[in-house]
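Q: Sequence first, then the predicted structure:
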Amino acid sequence: MIKITFPDGSVREYEKGVTGMEIANSISPRLAQEVLAASVDGETWDLTRPIGHDASVRLLKWEDEEGKHAYWHSSAHLMAEALQILYPGIKFGIGPAIENGFYYDVDPGEGVSIKESDFPAIEKKMMELIAAKEDIVRKSISKTDAVSMFSDRDENYKVELINELEDGTITTYTQGSFTDLCRGPHLPNTSYIKAVKILSAAGAYWRGDEKRPQLTRLYGITFPKKKMLDEYLVMLEEAKKRDHRKIGKELQLFHFSQTVGAGLPLWLPKGTQLRLRLEDFLKKIQREFDYEQVITPHIGHKQLYVTSGHYAKYGKDSFQPIKTPEEGEEFLLKPMNCPHHCEIYKAFPRSYKDLPLRLAEFGTVYRYEQSGELHGLTRVRGFTQDDAHIFCTPDQVKDEFLKVMDIIFIIFNALDFANFEAQISLRDPDDKEKYIGSDENWEKAERAIIEACEEKGLKTKVELGEAAFYGPKLDFMVKDALGRRWQLGTIQVDYNLPERFELEYTGADNQKHRPVMIHRAPFGSMERFVAVLIEHTAGKFPLWLTPTQVVVLPVSEKFNDYAFDVVKELKKFDIRAEVDDRNEKVGRKIRDNELKRIPYLLIVGEKEVENEEVSVRKQGGEDKGSVKLSTFAEEISREVEEMMNRGN
Ligand SMILES: [Zn+2]
Ligand SMILES: [Zn+2]
């Protein structure tokens, strides 16, 4: 008999060789229907794999990342099996599960291509294999046997992978006529998969190397219920409509010019307005929380980054140094603001009375990204962080975390991100050697972060071993209107840079001490944040933030003068308004300005001019009727005021 320990701490005895599926069945048949895989001593196993020793077991369902992972990985095999039947001679690269679904890199052979029009036939074949309820069987295999097996089938990509594996660790998985080199884990059989969809095909170099053959990467997704697939496809359609690159163009917010360079966004006037307004909003909060603004240059001496350690880490793989013509000095585009801020700290002798010192900067940094990795505003080569560094004593860490969290809550509230969670990244308790900083300080900081989250009632996930070598951190993840998760703000403790830059303060004991440095950026970067905000709001920004709040539409040219008077009046209330004085029918003007996502449309004609009124139409079509212009202006000002103060 062996002892199985469950997550709640309870222990049950089972016969040696019991499987995850048998354990699930012994608890309840309903549970057995829902489990997809089992976590055995922290490793994900097939439900059919016998457990031969005492172990901690967690049964994994769709809701568990690892369960979903096994599900989608099995779906990749299912797609490969269908492809092998439909495209004899097809060769396979790798086929992993990803965040949403899975892909398989395939080489269909000379002159053969797999196009979107082929997807229905592949899906149909997959459904047939599901109906056949094929068992998915794991087998250990020697390296020699694996090589000869895949060589026989001319699977040269697989043979290359096998040659890099250690003998004794190799396993295959077989279902029907298809066998894959694979570590698993997998579902017990193909019938677990209920709904399938091939999503897209793209080119992908074998092993990401452009000198190697280009394969076809087929993306797909599957679900345990047809309804879930339908909902997912609706969400995808909506996501396409909300793509920030598309809306950014429609609203004339930003532009990319290949002449300026890939990944270097040009902010257009409307986008700049939006961004500056966001910056002002943040600066106001920073002032309230006693931050001091600083400005530092876009480049720094190479030695600065050698000292900070950034050169050793990024130097070779990033933008190369800029050299002066005569002196041979070397400068780097700044990849981070922190080293500059450390030098500001060092500009004066500091005492404990100066701490915490909070230095804030909207600092633009440059990092090299491969051109294939660039994506709209979310992956760029130059971006501006809403950065700040807090220098404090070890005892002040918790208080500072609480304050930064307050700031983050104010921001998320004002921008309608109701749904967010946080991840705490801590040390690996079994490998404390690899971290810099004293044990005592680490313990203090880790405890401070956990307590701060508890005090704020924040939903958190704790990840052991995920901390950087230089300190623990807290990352914020927001869920957007479509339920997609985006990583935004971060708060990070750092024991490394104060050490490298030899930062000091004089304590109350008159002795020299090292301050702790905290990096924090609630938005991450202005670029990324604006991208997320566009996709979250579909370009319908909150009233306080949107570049144009009101557009006035005269029903004919006769009323243009009045329309401009209206704009002038609204300006007195700080309301951003413009006139659409094109010689178009008013119906056309309404349609065009709805597309620009302007929150308020004011229609003016004979009656409005006479009564000093405006006829108010809200974005989306709601007709509010005619009101006095002054009443409208006051209402809008109040609405903006309330939104900006929300959460405060
Ligand atoms: Zn596999
Ligand atoms: Zn920093």
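A: Cool, the structure landed. Everything numeric in this text was worked out from a predicted model, so none of it was measured. Ligands and ions are numbered 1, 2, ... in the order given.
Q: From residue 543, how far out is whichever residue of the stretch 51-200 of the chain sits closest to ligand 2?
A: Taking Cβ to the ion, ligand 2 has its nearest neighbour within the stretch 51-200 of the chain at residue 99, 27.0 Å off. (Glycine included, C-beta is placed from N, CA and C.) Residue 99 sits 33 Å away from residue 543, going by Cβ to Cβ, to the nearest Å.
Q: which secondary element of this structure has the worst mean pLDDT?
A: Across the helices and strands of the chain, mean pLDDT, DSSP states H and E gives its lowest value to helix 310-314, namely a mean of 83.
Q: which helices and strands does that helix pack with?
A: Using 3 or more Cβ pairs under 8 Å, 6 or more residues apart in numbering; DSSP states H and E, the elements in contact with helix 310-314 are helix 302-308.
Q: Mind checking what secondary structure residue 4 has?
A: strand (DSSP: H, G, I helix; E, B strand; the rest coil).
Q: Quick check: it touching residue 20?
A: No: judged on Cβ atoms under 8 Å, residue 4 makes no contact with residue 20 at a distance of 9.8 Å.
Q: on that earlier part again, who has more neighbours, residue 99 and residue 543?
A: Neighbours per residue, other Cβ atoms under 10 Å: of residue 99 and residue 543, the larger number sits with residue 543, 19 against 10.
Q: for the more buried one, phi and psi?
A: phi -50, psi -40 (degrees, to the nearest 10).
Q: gap between it and residue 560?
A: Where residue 560 is concerned, residue 543 sits at a distance of 26 Å (Cβ to Cβ).
Q: Which of the residues in the least confident helix or strand of the chain are classified as buried?
A: 310, 311, 314 (16 or more other Cβ atoms under 10 Å).
Q: which among the residues you listed are in contact with ligand 2?
A: With Cβ under 5 Å from the ion as the criterion, the buried residues of helix 310-314 include none near ligand 2.
Q: re earlier: give the residues shared as contacts by residue 4 and residue 20.
A: Jointly contacting residue 4 and residue 20 under the rule Cβ atoms under 8 Å, 6 or more residues apart in numbering are 51, 57.
Q: More neighbours: which of these two?
A: residue 20 (29 against 20).
Q: pLDDT (mean, whole number) over stretch 116-125?
A: Average pLDDT, stretch 116-125: 96.
Q: Name the residues that touch it?
A: Contacts to stretch 116-125, defined as Cβ under 8 Å, 6+ apart, come from residues 79, 82, 83, 85, 86, 114, 196, 197, 198, 200, 201, 218.
Q: ok, now stretch 413-421?
A: By Cβ under 8 Å, 6+ apart, the list of residues contacting stretch 413-421 from outside reads 281, 412, 458-461, 476-480, 533, 536-537, 542, 544-545, 643-644, 646-647.
Q: How about stretch 440-453?
A: Contacts for stretch 440-453 (Cβ under 8 Å, 6+ apart): 394-395, 397-398, 401-402, 405, 422, 424, 426-427, 432, 435, 460, 462, 471-474, 493, 495, 516.
Q: Apply 7 Å and report the result again.
A: Contacts to stretch 440-453, defined as Cβ atoms under 7 Å, 6 or more residues apart in numbering, come from residues 394, 397-398, 401-402, 405, 422, 424, 426-427, 435, 460, 471-472, 474, 493, 495.
Q: quick one on the thing from earlier: which one of the buried residues of helix 310-314 is nearest ligand 2?
A: Nearest member of those to ligand 2, counting by Cβ to the ion, is residue 310, at 10.3 Å.
Q: mind checking how far the closest one is from residue 522?
A: From residue 310 across to residue 522, the span is 22 Å (Cβ to Cβ).
Q: element containing the residue of the stretch 151-300 of the chain found nearest ligand 2, please.
A: Nearest residue of the stretch 151-300 of the chain to ligand 2: residue 296, at 11.8 Å (Cβ to the ion). Under the assignment given by DSSP states H and E, residue 296 is not contained in any helix or strand.
Q: what's near enough to touch it?
A: 337, 340, 361, 363.
Q: among these, which are in helices?
A: Per DSSP state H, helices hold the following members of the contacts of residue 296: residue 340.
Q: export the contacts of residue 296 to TSV and tack on pLDDT, distance to ligand 2 and neighbour count?
A: Below are the contacts of residue 296 laid out as TSV (pLDDT from 0 to 100; distance: Cβ to the ion, whole Å; neighbours: other Cβ atoms under 10 Å):
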residue	pLDDT	distance to ligand 2	neighbour count
337	95	6	25
340	97	10	22
361	97	10	21
363	95	9	24
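Q: Among the contacts of residue 296, which ones are in strands?
A: Taking DSSP state E, the ones among the contacts of residue 296 that sit in strands are 361, 363.
Q: Over to the most centrally placed residue in the chain: give its phi and psi.
A: Centroid-nearest residue in the chain, with Cα atoms, centre = their mean: residue 486, separated by 3.3 Å. When read as degrees, to the nearest 10, the backbone of residue 486 gives phi -130, psi 130.
Q: so who does it touch?
A: Applying Cβ under 7 Å, 6+ apart, the residues near residue 486 are 477, 478, 480, 532.
Q: Please name the bridge partners of it.
A: residue 478 (DSSP bridges).
Q: Tell me the spacing between it and residue 221.
A: 20 Å.
Q: May I see the buried residues of whatever helix or strand residue 409 lives in?
A: Here residue 409 sits within helix 397-414, counting by DSSP H and E. Neighbour counts over helix 397-414 (16+ other Cβ under 10 Å) mark 397-398, 400-401, 403-412, 414 as buried.
Q: in its sheet, what does whichever helix or strand comes after that helix sit against?
A: Downstream of helix 397-414, the first helix or strand assigned by DSSP H and E is strand 420-426. Strand 420-426 has the following strand partners under DSSP bridges: strand 460-464 (parallel), strand 473-479 (antiparallel).
Q: quick one, strand 420-426 and helix 397-414 angle?
A: 160 degrees (axes from the mean of the first three to the mean of the last three Cα atoms, to 10 degrees).
Q: Identify each buried residue in strand 420-426, please.
A: Neighbour-count burial for strand 420-426 [16+ other Cβ under 10 Å]: 420, 422, 423, 424, 425, 426.
Q: Over to stretch 47-66?
A: 47, 48, 49, 51, 55, 57, 58, 59, 60, 61, 64, 66.
Q: Tell me the residues of the protein that contact ligand 2?
A: Counting by Cβ under 5 Å from the ion, the chain sits next to ligand 2 at 338, 519.
Q: One more pass at 6 Å, please.
A: Selection of the chain residues close to ligand 2 by Cβ under 6 Å from the ion yields 336, 337, 338, 389, 519.
Q: And the furthest pair within those?
A: Farthest pair in these (Cβ to Cβ) is 336 and 389. Separation: 10.2 Å.
Q: Between the two, point out the one with more neighbours.
A: For the pair residue 336 and residue 389, the greater number of neighbours falls to residue 389 (26 against 19), based on other Cβ under 10 Å.
Q: residue contacts, residue 289?
A: So residue 289 contacts 403, 407 (Cβ under 7 Å, 6+ apart).
Q: make that residue 422, sorry
A: 453, 458, 460, 474, 475, 476.
Q: Could you rerun that using 6 Å?
A: By Cβ atoms under 6 Å, 6 or more residues apart in numbering, the residues touching residue 422 are 458, 460, 474, 476.
Q: Make JSON lines out of those residues and add pLDDT and neighbour count.
A: Below are these laid out as JSON lines (pLDDT from 0 to 100; neighbours: other Cβ atoms under 10 Å):
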{"residue": "458", "pLDDT": "87", "neighbour count": "17"}
{"residue": "460", "pLDDT": "90", "neighbour count": "17"}
{"residue": "474", "pLDDT": "93", "neighbour count": "24"}
{"residue": "476", "pLDDT": "91", "neighbour count": "23"}
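Q: just to revisit the earlier point, moving C-terminal of the least confident helix or strand of the chain, what's the next helix or strand?
A: For helix 310-314, the following helix or strand on the C-terminal side (DSSP H and E) is strand 322-323.
Q: Need the contact partners of that following strand.
A: 330, 331.
Q: So the residue of the stretch 501-648 of the chain at minimum distance from ligand 2 versus residue 307, what's the distance?
A: Taking Cβ to the ion as the measure, the point where the stretch 501-648 of the chain comes nearest ligand 2 is residue 519, at 3.4 Å. Using Cβ to Cβ, residue 519 is found at 17 Å from residue 307.
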